[in-house]
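Visitor: show me the folded form of this:
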Amino acid sequence: MPAEVTIDARLFHRRARGLVNHWKESNGADDSFHNVNTLLVILGNVSEDDNIYQKTTSMQIWLFGYELTQTLMLFTQDTLHVVTGGNKAKILESLKQYEGPQFPIEIHARSKDETHNEELFQKMIDIIAKQGARVGIFAKDTHTGAFVTAWKAAFEKSPKSLESIDVSGGVAEVFAIKDDEELRATKMATRLSSLVMRNYFIEEMSEVIDQDRKITHEKFAEQTEDILLNEKMYKKLKFPADAASGNPEWCYTPIIQSGGDYDLRTSAASNEKNLHAGTIICSLGVRYKSYCSNIGRTFLIDPSKAHEKNYNFLLDVQRKVFDSMREGVIIKDVYSKAIEFIRNKRPDLEKKFVKSIGFATGLEFRESAYLLNAKNTNELQRDMTFSVSIGFQDLEDPKAEDSRSKTYALLLIDTVRITQDSAQLLTDVDTRFEEISYFYKDPEEEEKPEKEPAQTRASKSAVLNTKFRSEQEEASKDQSRKEHQKLLAAQKLADGLKRYGDGGSLKKDNQKSVFRKFESYKRDTALPKESSNLRIVVDQRNDSLVLPIYGLAVPFHISTLQKATKTDEGEFVYLRLNFITPGQPGKKDDTPFDDPNASFVRALSFRSADGGRMTEIYNQILEMKKNAVKKESERKEMADIVEQDKLIEVKGKRPPRLPDVFARPGLDGKRPGELEIHSNGLRYVSPLRNENRIDILFNNIKHLFFQPCDGELIVLIHCQLKNPIMIGKKKTEHVQFYREASDAQFDETGNRRRKYVYGDEDELASEQEERKRRAALNKEFKQFGEKITELSENKVEVDVPFRDLAFNGVPFRTNVLLKPTQDCLVHLSEAPFLVVTLADVEIVHLERVQFGLKNFDMVFAFKDYFQTPIHINTIPMSQLDNVKDWLDSMDIVFFEGPINLNWGPIMKTIQDDPAMFYKEGGWSFLEPDSDAEESNESGSEFEMSGSGYSSSSEESTYASDASNDSGSDDDDDEDEESGEDWDALEEKARRADDKKFGSKREADSDSDNDRKKKRKR
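Guide: Numbering: from 1, shown residues only. As a prediction, the model looks like this:
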């Protein structure tokens, strides 16, 4: 183990705590740990012939990230004891320096003194005996070497009889549920497997068949295996740039089978027979950071109708299995549903179906405790990953032309993740029959070519249906995306019907109008003294008007005043005051009143010959009304401000700090401050005054982002809050802490090195310094973000934007770079900030998607129908496919259309009656096909009667902002109805103008020509 190796302390302590907690919670008859008192994990020497999939190795990689040979780990329910060599002990000591919540660990370093080593072993045995007699081990793991031999000898000499019990099943339960880091590694492994299958095996296989080359299955498998060992081939395979950092390797040697000899078990091997152009099955799996994946496909060369029928049924069975694999389902029920489906649809294939349809996978390729068969009673849980293998074997083709094609098999293998709904597919290689079938026969060999034009064309083009394979892959990818979107849309509609099936209007509490009582004066003695003179008094202090009515001074609160108008008529000035009353024209009926049936004063008019005083009163009223409106708007704005709990400061030690950072919104001054992590939140302290601070509690952080300075001017940590807070006099729900990444603070103009070195060498040196500085900034901010996650006990998770998936758009007024993250779409580089939480998104509508336009728009409609949709405009059309792929990968339903919609009436319709909205198809009105049908129907109605125009104008409320470009289809319809083209209409209009204007037009045209000639000169 090299000295520069570092262990992720945060992962170690979190996973060690999780293991022991699961062990403690395992009780009763179903105790998978069998009531053991200690867990013993020991690894001796490792050779190339040893099985790489052992619980011992997996445990060490899971905790430390590496194999630690000649190492013993002893778990009690409160401490981990590790006996290992001196160098490894030094590295493990760093785990004790972790500042977050720790799981206690004791390191016992071995030496060359055998007596000392024996004492260490005896100390471990004493700990075991003290805890109890039952020791948990991995019974199936094999261990060799002097270290293991010495331990066994010491263990057997123990005076107390100790019982070794296999706890592989209990540890398998812990390994089965993947955390975020494990899921990321698994997703990368499945991506690499898919790329090898798509970009190497399929290419090579089709070339071998097309050129009729001879190659054995074993040789072909070796060539496929070598492709992953050569990093120079990663570019050809289209691997991500960071693929090599995860040390990709094979889970097993690829398995290639054809020519009648098929073995659908995972233990199968490629034989020495030549590849046969019939049914070809290939399965392979790549490990990334020791996490496994698996993929398998069947390829059919010149298939018959029976082949096509059986393969399409195999796809149906796979979909049925995926739909039944969800959180909380018993494993045997998944297999039973598959068998029942086959029995009902194709009973002739029931005996041909495989006995097991997969297994859990992860650090171990095949976890025997989670086999997908008819006997397993374990329960599927969220974030488990499975290799699902659906297949039929020993199928017969009596019409086969050669003996090797008479027997064939069909197999599909994919890696999936368990979720609350159906299984999430992680591997991505098209399984449609059109994509896995290849036709080589000449057209004249077909019996009825006129009925099968598709097969004839396919045979002419050999293997490919398009000129380039990239076009074929793009078409299949687009089709796969459309099918996935149909499933998501159907699920969305079903969820809506289930949720709003009872009907009724939606109305939030904060949307209900509330009657507010205004009290100008508590008693008549509080009236201003001036009111006794029966004059109009503007009381700014009490926000009231005191008006003389029939000899009485009557107060009116300014909030009851709708508007005031002043008019001059002769010698008099008239002041008219209009008040808010029920049933006013142009006023919404939902204005709240305590008793709408009471008598109200709608308007009062006053006349005076003193124009100066009336003008003064009028101006005072306007000023008071303006101030009242301002106060009301401030009150509404501050309505969602929630008082936070107090920050609990760290006592007895210095809290983790991030120095020299600026805050947005900023405090007084332009100097940077410090960001500190305390017991229940963050505190930003200004260097000028300690009372200038920003406190953010962990329970008020909705999202926490770390954005590196790659391609940016700043590196930042950004907090989006659940409830807004006040910073100074500003309300904000976004707080950002950043540091500039530019080298402006470094003055290199007068340093000594620059005095003697000029030109390119100096520029290269400064670029290298810049890269190092940026890397150091990224590392510092990233580590601080991870500390926040750990010290908050995972209440707050750090999310990082993916710059590779970024695209330009205009969410506000300027064009900015929008970056997807794992859970959001963000723009954080400058204010105003944008954070769209994808979990809150109902659907996305892509607008102005039509040929000839350079940009399109995107609208996010939210599950909270009262939340205003977010518009992102002017996205380059070149990013359309990337945006679609991203939305589809996040399981977000999206639609596209040629025009901009008016979303106000749409959301109001849903709020009024969501049940009716979903009964009428929900969001299906956004589908292009439905729009086309509606436009055709409205067109036919227009031809039949004149009422069609009014109906179409009513529908146009949803598309009032449509551009002229989107009306090309309507224009074509109008042209067809008129019977004359544009040239004829223009000529007719020109002749009409000539008759009307005559010589005047000719004179004007001559003068225009003269002006044009002058400009040319």
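Visitor: tell me the contacts of the residue lying farthest from the centre of the chain?
Guide: Residue farthest from the centre of the chain, counting by C-alpha atoms, centre = their mean, is residue 571 at 72.0 Å. Counting by C-beta atoms under 8 Å, 6 or more residues apart in numbering, residue 571 makes contact with residue 609. Bear in mind the C-beta positions are built from the backbone N, C-alpha and C, glycine included.
Visitor: how much space between it and residue 611?
Guide: According to C-beta to C-beta, to the nearest Å, residue 571 and residue 611 sit 9 Å apart.
Visitor: circling back: do you know how far the residue farthest from the centre of the chain is from residue 850?
Guide: Taking C-beta to C-beta, one finds residue 571 at 66 Å from residue 850.
Visitor: what helix or strand does residue 849 sit in?
Guide: For residue 849, there is no host helix or strand (DSSP states H and E).
Visitor: for it, what are its contacts?
Guide: 856, 880, 896-898.
Visitor: could you redo the last one with a cut-off of 6 Å?
Guide: The contact partners of residue 849, taken as C-beta atoms under 6 Å, 6 or more residues apart in numbering, are 856, 896.
Visitor: please apply the same query to residue 26.
Guide: 32-33.
Visitor: per-residue pLDDT of it, please?
Guide: Confidence at residue 26, expressed as pLDDT, is 80.
Visitor: check the one 3 residues further on too.
Guide: We have a pLDDT of 59 for residue 29.
Visitor: tally of neighbours for residue 605?
Guide: Neighbours of residue 605 under the rule other C-beta atoms under 10 Å: 11.
Visitor: also residue 111?
Guide: So residue 111, with other C-beta under 10 Å, has 11 neighbours.
Visitor: what's the answer for residue 393, then?
Guide: 18.
Visitor: distance check, it against residue 320.
Guide: On the measure of C-beta to C-beta, residue 393 and residue 320 end up 19 Å apart.
Visitor: how about residue 301, what does it touch?
Guide: Neighbours of residue 301 in contact, by C-beta under 6 Å, 6+ apart: 277-278, 438.
Visitor: most neighbours among the residues you listed, please name it.
Guide: residue 278 (24 neighbours).
Visitor: per-residue pLDDT, that residue?
Guide: So, for residue 278, pLDDT stands at 91.
Visitor: for it, which non-adjacent residue is closest in space?
Guide: The shortest distance from residue 278 to any non-neighbouring residue, by C-beta to C-beta, 6 or more residues apart in numbering, is to residue 405 (4.3 Å).
Visitor: do the same with residue 95
Guide: residue 9 (5.1 Å).
Visitor: my guess is that neighbour meets residue 100, correct?
Guide: No - with contact defined as C-beta atoms under 6 Å, residue 9 does not count as touching residue 100 (7.9 Å).
Visitor: top strand in this protein by residue count?
Guide: If you go by DSSP state E, the chain has its longest strand at strand 714-727.
Visitor: who does it pair up with?
Guide: strand 701-707 (antiparallel), strand 730-740 (antiparallel) (DSSP bridges).
Visitor: quick one on the thing from earlier: export the contacts of residue 301 to TSV and tack on distance to residue 170?
Guide: Shown next, in TSV, are those (distance: C-beta to C-beta, whole Å):
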residue	distance to residue 170
277	49
278	46
438	48
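Visitor: make CSV from those and add secondary structure to it.
Guide: Shown next, in CSV, are those (DSSP: H, G, I helix; E, B strand; the rest coil):
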residue, secondary structure
277, coil
278, coil
438, strand
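Visitor: closest one to residue 163 out of those, please.
Guide: residue 278 (56.0 Å; C-beta to C-beta).
Visitor: ok, now how distant is that closest one from residue 256?
Guide: With C-beta to C-beta as the criterion, residue 278 and residue 256 are 13 Å apart.
Visitor: ok, back up a step: and which of the contacts of residue 301 is nearest to residue 567?
Guide: Distances from residue 567 to the contacts of residue 301, taken by C-beta to C-beta, are shortest for residue 438, at 88.1 Å.
Visitor: okay, and the beta partners of the closest one?
Guide: Once the bridges are assigned, which here means DSSP bridges, residue 438 pairs with residue 301.
Visitor: mind listing what residue 56 touches?
Guide: Counted by C-beta under 6 Å, 6+ apart, residue 56 has contacts 41, 43, 138, 141.
Visitor: can you give me the pLDDT of the second one?
Guide: The predicted local distance difference test score for residue 43 is 91.
Visitor: can you count the residues close to it?
Guide: If you count neighbours by other C-beta under 10 Å, residue 43 ends up with 23.
Visitor: what do you get for the third one?
Guide: Neighbours of residue 138 under the rule other C-beta under 10 Å: 21.
Visitor: just residue 844 next, same as before
Guide: Each residue near residue 844 was counted by other C-beta under 10 Å, and the total is 25.
Visitor: and the nearest residue to it once chain neighbours are set aside, how far from residue 836?
Guide: Among residues not flanking residue 844 along the chain, residue 894 sits closest, at 4.1 Å (C-beta to C-beta, 6+ apart). Distance, residue 894 to residue 836, using C-beta to C-beta: 13 Å.
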